[in-house]
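Peer 1: Okay, here's the prediction I keep looking at, along with the sequence it came from:
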Amino acid sequence: MERRTYALRLAYDGAAFRGWQRQPGLPTVQQALEDALAALLGERVQVVGAARTDAGVHAEGQVVSFAVRRALSPSPLRELGLPGGLRILAAAPARPAFHARSSAAGKRYRYRFAAGSPLSWDLGPATPDWGRARAALAGLGGLPHLAGLASPARGRTPAPPLEEWSLVNGPGTAELTVRARAFRKHQIRNLAGHLAAVALGLATPESLGQLARSLRPWRGATAPAHGLTLVEVLYPPELDPFR
């Protein structure tokens, strides 16, 4: 029988796992999902995630794909026995060519700043000027790539430019949302860390664009993982298994 491809959309609390990617002896999202599928199918299945989220990073719309030589109903996939902090939001058959990571046309992430929440970064008693941070973000417009925002990693091309961003704030809170075709190691956490520095008056708005254009790896502040959430993975309509 030919191999059939399936896709799952997941949500998880990053505090419960040591990141997405399987690591010997550590609880990871990939390990938990592959173990649950093995219990259901009676065989080991390797799943591919659209994003390899770091330890502590959350997800509201992670997408994974896998292939097996059998037909599956979405119902048992949606009801997999999973550990706390990990949920299946949707399950669907996918086209044979679908691959959760390489088929993705973009991703959307959110970073939150606030006090008193395990899903946000507390910047302390100071009052950030988020208007300065928005001016810094505007300085990224028109750049062909954001090479300087990524942490050191081997064999990676420079990060593509942001396709969309917003930074909204209210009393004691702020929320950064960014979308791009792809992201590189720690890119959003580095961006959030420097925006916080700009908002607190520790760096100028112009410095973000200067850092982004640099060919040197990131050496500035990196925001903590627990404020970051993978919101959505975007696919071309003809490949999206959840449409």
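Peer 2: Structure's in. What do you need?
Peer 1: drop to CA atoms for contacts and neighbour counts, all remaining ones
Peer 2: Will do.
Peer 1: So residue 133 belongs to a helix, correct?
Peer 2: Yes: assigned with DSSP: H, G, I helix; E, B strand; the rest coil, residue 133 falls within a helix.
Peer 1: show me where the chain has strands.
Peer 2: With strands called from DSSP state E, the chain shows them at 4-12, 48-49, 58-68, 86-94, 106-114, 162-170, 173-180, 228-234.
Peer 1: Looking at these, which is nearest to residue 80?
Peer 2: Closest approach to residue 80 among the strands of the chain (C-alpha to C-alpha): strand 86-94, 7.7 Å.
Peer 1: What helices and strands are in contact with that closest one?
Peer 2: strand 4-12, helix 74-78 (3 or more C-alpha pairs under 8 Å, 6 or more residues apart in numbering; DSSP states H and E).
Peer 1: who touches the first one?
Peer 2: Strand 4-12 is contacted from outside by 58-71, 85-96, 98, 100, 241, using C-alpha atoms under 8 Å, 6 or more residues apart in numbering.
Peer 1: Could you work out the end-to-end span of stretch 117-128 for me?
Peer 2: Distance across stretch 117-128, first residue to last, is 17 Å (C-alpha to C-alpha, to the nearest Å).
Peer 1: List the buried residues in it.
Peer 2: Residues of stretch 117-128 classed as buried: 119, 120, 121, 122, 123, 128 (neighbour count, 16 or more other C-alpha atoms under 10 Å).
Peer 1: do stretch 157-176 as well
Peer 2: So for stretch 157-176, counting by 16+ other C-alpha under 10 Å, buried means 158, 159, 160, 161, 162, 165, 167, 169, 173, 174, 175, 176.
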